[in-house]
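Give me a model of this one.
(2 chains, ligands or ions: 2)
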Number of protein chains: 2
Amino acid sequence: MSETETSNTSSSSIPLNIGIIGFGPFAQFLAKTMIKQGHFLFATSRSDHSQLCSQLGVQFYKDMNPFFYSNNYDVILISTSILSFSQVLSSIPFHLLRKPTLFVDVLSVKEYPRQLLLQVLPEEADVLCTHPMFGPESGKNGWEGLAFMYEKVQIRDEDICSRFLQIFRSEGCRMVEMPCEEHDKQAARSQFLTHTIGRVLAQMDIKSTSMDTKGFETLVYLKNDVIKNSFDLYSGLFVHNRFAEQELKNLELALETVKQNLLNKMDETT
Amino acid sequence: MSETETSNTSSSSIPLNIGIIGFGPFAQFLAKTMIKQGHFLFATSRSDHSQLCSQLGVQFYKDMNPFFYSNNYDVILISTSILSFSQVLSSIPFHLLRKPTLFVDVLSVKEYPRQLLLQVLPEEADVLCTHPMFGPESGKNGWEGLAFMYEKVQIRDEDICSRFLQIFRSEGCRMVEMPCEEHDKQAARSQFLTHTIGRVLAQMDIKSTSMDTKGFETLVYLKNDVIKNSFDLYSGLFVHNRFAEQELKNLELALETVKQNLLNKMDETT
Ligand SMILES: NC(=O)c1ccc[n+]([C@@H]2O[C@H](COP(=O)([O-])OP(=O)(O)OC[C@H]3O[C@@H](n4cnc5c(N)ncnc54)[C@H](OP(=O)(O)O)[C@@H]3O)[C@@H](O)[C@H]2O)c1
Ligand SMILES: NC(=O)c1ccc[n+]([C@@H]2O[C@H](COP(=O)([O-])OP(=O)(O)OC[C@H]3O[C@@H](n4cnc5c(N)ncnc54)[C@H](OP(=O)(O)O)[C@@H]3O)[C@@H](O)[C@H]2O)c1
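Numbers count the residues shown, from 1 in each chain, chains lettered A, B, ... in the order given. Ligands and ions are numbered 1, 2, ... in the order given. Okay, here's the model as predicted:
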């Protein structure tokens, strides 16, 4: 092992002070692993999550001000809904930060927070945009092999950034470094499409039957999984990913084509 | 074990003479297990499958006439495409049958073959309509737990019928006895829907990315699986299942509703 690697490994095992803004389902899910790894967690959120936080070992603040002035953060992790991100961001009392800090977001869209963070963060802040491509359901048996997308948007303190990334790397995540724009293009064709199909199946109220095929079982499972996410999350994938609308059109067009092929066959045979 | 059960078990181990009409992918798949179980197989088909048949140990006939007059069949299994079923049925030289025979079909729609079989079969024939709810892909690691749907439409020789069903029961299939009409209702909402979504995804040309979520992986797998089936099979699910058209409409409507919900959210937030 080279000296650099050794020093990396050792510094990456120093716990981080992580302040979480927005302590909803996804932040709660991430927090469990971060605590297991020995990091110190603090949180603030619109709703009162103090009870759950005290069970988890996270210090919870109802108000943003004491959340900011009471602690020296290495990392501020923003995990609010996509739709509330801008509003939450504008309510952050940046002047209370006690040192230059790494801001990380985990929103499921990436161009949008990237742009806003660069607009509103103090000049000395570092910015890491990330999207863990899994959630409480798909990650419930560990994170091994699951994709973690990130773009180092503005990093001066490489050490803090790499210690943060190490949280995911050490759990076995597949680390995918990629520009936010590229993420949004791909995610519109994959994640947004998947959620849309899950929502459509939920809208149809599909249910298991006594004679499900394997394929249909898969769809029932997908539907149940997708609708566990909030509608805010789903609609955020659409409203704040500029590539999503086209993919929705592509889906409609593809359905129309498949339907026409069926109707043509119907005409041929009757 | 009761006496009836003992005698059932012993008679069910006597091999059957099975004549297969339509030796496409699905019949080939079924044949392997039937041969493994010790049954005697004979086949005829539009195309020449004699080479594959000789490898499998199935006697192949290019023409229907010798196929019929050369053997004493316990069971005639029809495994042609849904779209060609009527035409194939009308070309069967029933007068060459050497004894009353059990006719079984495995079409993925059920009211349609049930009705046609009752129309054209000789009065003395028995009729069993079935749908093994799996195929070469989903059943490649055995049939344990996979659904096998059937309706005993007209059975006088219970022994032959139960020996035929035993082929699937003994492999661990979940045996689901159900009227053909009920099958078609449920299959339109499950199997036809699944194939439609697979075809739509294929039409969109979706592909794995470096950052697939578990849900999207599932859809890529489903798409690849579905398009292995012929378009004849897929369109048959639509053309000859009277419940399918409505489910296609339901799918379109559900997509429209989901889209409207997204557009409303878009309006609210801008
Ligand atoms: N769930 C996943 O699988 C997953 C995976 C990767 C990334 N993400 C991303 O992680 C973030 C959180 O996701 P989530 O699953 O927890 O659900 P979500 O519905 O997207 O977000 C819930 C969070 O947003 C906060 N929030 C919502 N509206 C607010 C408002 N008007 N003002 C202030 N805060 C508001 C909630 O605060 P309170 O709880 O305090 O009310 C909660 O912390 C999202 O950006 C999502 O895209 C989620
Ligand atoms: N594949 C599955 O997973 C699955 C599962 C359950 C039930 N099934 C049912 O099993 C049957 C066979 O399915 P498959 O997967 O093998 O593919 P398919 O495309 O539905 O049917 C292929 C079979 O139909 C015959 N055929 C097609 N057009 C014909 C015509 N004009 N005249 C005479 N024969 C014609 C083919 O004969 P040649 O090969 O001789 O050309 C071949 O034997 C279908 O009714 C299907 O619904 C399939």
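
show me what contacts the single nearest residue of the stretch 1-150 of chain A relative to ligand 1?
Closest residue of the stretch 1-150 of chain A to ligand 1, CB to the nearest ligand atom: residue A:135 (2.0 Å). All C-beta spots, glycine's among them, are computed from the backbone N, C-alpha and C. Neighbour list for residue A:135: A:25-26, A:29, A:229 [criterion: CB atoms under 8 Å, 6 or more residues apart in numbering or on different chains].

Quick check, pLDDT for it.
We have a pLDDT of 96 for residue A:135.

Any figure for the gap between it and residue A:84?
Per CB to CB, to the nearest Å, residue A:135 is found 18 Å from residue A:84.

Likewise for residue A:240?
11 Å.

now the strands for the stretch 101-250 of chain A?
Here the stretch 101-250 of chain A has its strands, by DSSP state E, counting those that start in this stretch, at A:102-105, A:126-132, A:147-154, A:174-177.

For those, give me a markdown table that also has mean pLDDT, mean neighbour count and distance to ligand 1.
Converted to a markdown table, these look like this (pLDDT from 0 to 100; neighbours: other CB atoms under 10 Å in any protein chain shown; distance: least, CB to the nearest ligand atom, whole Å):
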| stretch | mean pLDDT | mean neighbour count | distance to ligand 1 |
| --- | --- | --- | --- |
| strand A:102-105 | 98 | 25 | 7 |
| strand A:126-132 | 98 | 23 | 5 |
| strand A:147-154 | 98 | 21 | 10 |
| strand A:174-177 | 98 | 14 | 14 |
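
Can you pull the domain assignment for chain A?
Listed by automatic domain parsing, the domain ranges of chain A are A:3-178, A:182-268.

do the shortest one and ligand 1 meet?
Yes. Judged by CB under 6 Å from any ligand atom, domain A:182-268 comes into contact with ligand 1 at A:229-230, A:232-233, A:236.

just the buried members of those residues?
Of the members of the residues of domain A:182-268 next to ligand 1, the ones counted as buried by neighbours, 16 or more other CB atoms under 10 Å in any protein chain shown, are A:229, A:233, A:236.

Looking at the residues you listed, which is nearest residue A:14?
residue A:233 (32.8 Å; CB to CB).

hang on, that closest one packs against residue A:108?
Yes. Counting by CB atoms under 8 Å, residue A:233 touches residue A:108, with 6.6 Å between them.

which of the domains of chain A has the lowest average pLDDT?
domain A:3-178 (a mean of 94).

what about the helices in chain A?
A:3-12, A:25-36, A:50-56, A:64-69, A:85-90, A:111-120, A:158-169, A:180-189, A:191-203, A:214-226, A:231-239, A:244-269 (DSSP state H).

Give me the buried positions along the last one.
In terms of neighbour count (16+ other CB under 10 Å), helix A:244-269 has its buried residues at A:244-245, A:247-248, A:250-251, A:254-255, A:258-259, A:261-262, A:265.

Please list the residues of the stretch 51-200 of chain A that sit near ligand 1.
Going by CB under 6 Å from any ligand atom, the residues of the stretch 51-200 of chain A near ligand 1 are A:79-82, A:84, A:87-88, A:106-108, A:132, A:135.

Please tabulate the residues you listed in CSV, including the columns distance to residue A:146.
Formatted as CSV, these follow (distance: CB to CB, whole Å):
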residue, distance to residue A:146
A:79, 17
A:80, 22
A:81, 22
A:82, 20
A:84, 26
A:87, 30
A:88, 26
A:106, 14
A:107, 17
A:108, 14
A:132, 7
A:135, 10
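
Sort out which one of these lies nearest chain B for me.
Checking those against chain B with CB to the nearest CB, the nearest one is residue A:135 at 8.4 Å.

Next, that closest one: phi, psi?
phi -150, psi -170 (degrees, to the nearest 10).

any idea how far it lies from residue B:196?
27 Å.

follow-up on the earlier one: nearest to residue A:209, of the strands of the stretch 101-250 of chain A?
strand A:147-154 (33.2 Å).

So is that closest one next to chain B?
Yes. Using CB under 8 Å from any CB of the partner chain, strand A:147-154 reaches chain B at A:147, A:149.

quick one: that strand to helix A:158-169, angle?
Per axes from the mean of the first three to the mean of the last three CA atoms, to 10 degrees, the angle that strand A:147-154 makes with helix A:158-169 is 170 degrees.

what sits against residue A:182?
When contacts are counted by CB under 8 Å, 6+ apart, residue A:182 touches no other residue.

neighbours around the closest residue to residue A:33 other than its chain neighbours, how many?
Excluding the flanking residues, the one nearest residue A:33 by CB to CB, 6 or more residues apart in numbering or on different chains is residue A:171, at 6.4 Å. Using other CB atoms under 10 Å in any protein chain shown, residue A:171 has 17 neighbouring residues.

need the contact list for residue A:171.
A:33, A:142-144 are the contacts of residue A:171 under CB under 8 Å, 6+ apart.

same question, residue A:59
Counting by CB under 8 Å, 6+ apart, residue A:59 has contacts A:41-43, A:53.

which residue sits closest to the residue of the stretch 1-150 of chain A found nearest ligand 2, ignoring its sequence neighbours?
Nearest residue of the stretch 1-150 of chain A to ligand 2: residue A:138, at 28.3 Å (CB to the nearest ligand atom). Once flanking residues are discounted, residue A:138 sits nearest to residue B:214: 4.0 Å by CB to CB, 6+ apart.

Reformat the buried ones among the residues of domain A:182-268 next to ligand 1 as CSV; add distance to residue A:68.
Below are these laid out as CSV (distance: CB to CB, whole Å):
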residue, distance to residue A:68
A:229, 29
A:233, 26
A:236, 25
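
and which of those is nearest to residue B:114?
For those, the nearest to residue B:114 is residue A:229 (42.8 Å; CB to CB).

Surely the closest one is in contact with residue A:199?
No. If you go by CB under 8 Å, residue A:229 and residue A:199 don't touch, sitting 9.6 Å apart.

Which residues are in contact with each of those two?
Counting by CB under 8 Å, 6+ apart, nothing touches both residue A:229 and residue A:199.

that older thread, list the backbone torsions phi and psi for the residue nearest to residue A:33.
phi -90, psi 0.

Tell me how far residue A:27 lies from residue A:68.
Applying CB to CB to residue A:27 and residue A:68 gives a distance of 17 Å.

Please apply the same query to residue A:152.
24 Å.

about what we covered before: more neighbours: residue A:240 and residue A:84, which one.
residue A:240 (23 against 16).

Understood, closing this out.
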